[in-house]
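Student: got a sequence here, can you build the structure:
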Amino acid sequence: MKVPNKTKKITIPEEGLVLEPGKLYLGRTSEYTKTKKYAPMLERRSSIGRLGISVHATAGFGDVGFAGTWTLEISCIQPVRIYADTKVCQICYHDVDGNTDILYRGKYYEQIDAKESNMYKDFE
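Tutor: Residues are numbered from 1 along each chain as shown. The predicted structure follows:
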């Protein structure tokens with residue numbers, strides 16, 4: 001966690017890609033979202049869960065002010081073939097009490113592609 005993580009970009013072919021258990025895949029939403037007054041929350045669709053696929057390990061909540069595509073932390077409990085542009089999750093927006101003038105501008109702000117962990121920056 002103190003050094004940058006190496007990742008390999010995979011493009012899902014038309015015939016799909018088989019996810020394997022025990023591996024973590026980073027994906028991203030097609031949608032770019034931005035909020036200034038609400039706390040976003042991402043959750044998988046139940047049909048995806050029923051296939052044994054998880055779309056986030058821990059990062060289900062976004063910060064007020066987050067802007068960008070969402071990196072999905074995808075894993076599965078059994079081999080399953082996935083396809084590009086499949087609807088796998090949904091985003092809900094929650095009201096926030098208190099001051100929303102201080103917006104998120106952290107290490108993942110305005111990301112466009114799936115983003116590997118930047119935790120190493122916490123140690124710099």
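Student: and for Gly68, the neighbour number?
Tutor: Gly68 has 19 neighbours, counted by other C-beta atoms under 10 Å. To be clear about C-beta, it is placed using only N, CA and C from the backbone, and glycine gets the same treatment.
Student: please enumerate the helices of this protein.
Tutor: Assigned by DSSP state H, the helices in the chain fall at 46-49.
Student: where in it is pLDDT low?
Tutor: The chain contains residues with pLDDT under 70 at 59.
Student: and the contacts of stretch 13-27?
Tutor: Residues outside stretch 13-27 that contact it (C-beta atoms under 8 Å, 6 or more residues apart in numbering) are 7, 10, 53, 55, 57, 71-84, 114-116.
Student: same question for stretch 48-65.
Tutor: Contacts of stretch 48-65 with the rest of the structure, by C-beta under 8 Å, 6+ apart, involve 19, 24, 27, 33, 35-44, 70-78, 80, 82, 88-89, 96, 100, 102-106, 109.
Student: which of those residues are buried?
Tutor: 19, 27, 35, 39-40, 42, 44, 70-76, 80, 82, 88-89 (16 or more other C-beta atoms under 10 Å).
Student: how near is the closest residue to Cys92 other than its chain neighbours to Tyr25?
Tutor: Nearest residue to Cys92 in three dimensions, chain neighbours excluded: Met41, at 4.9 Å (C-beta to C-beta, 6 or more residues apart in numbering). Taking C-beta to C-beta, to the nearest Å as the measure, Met41 falls 21 Å from Tyr25.
Student: repeat that for Leu103.
Tutor: According to C-beta to C-beta, Leu103 and Tyr25 sit 29 Å apart.
Student: since that was my last question, I'll sign off now.
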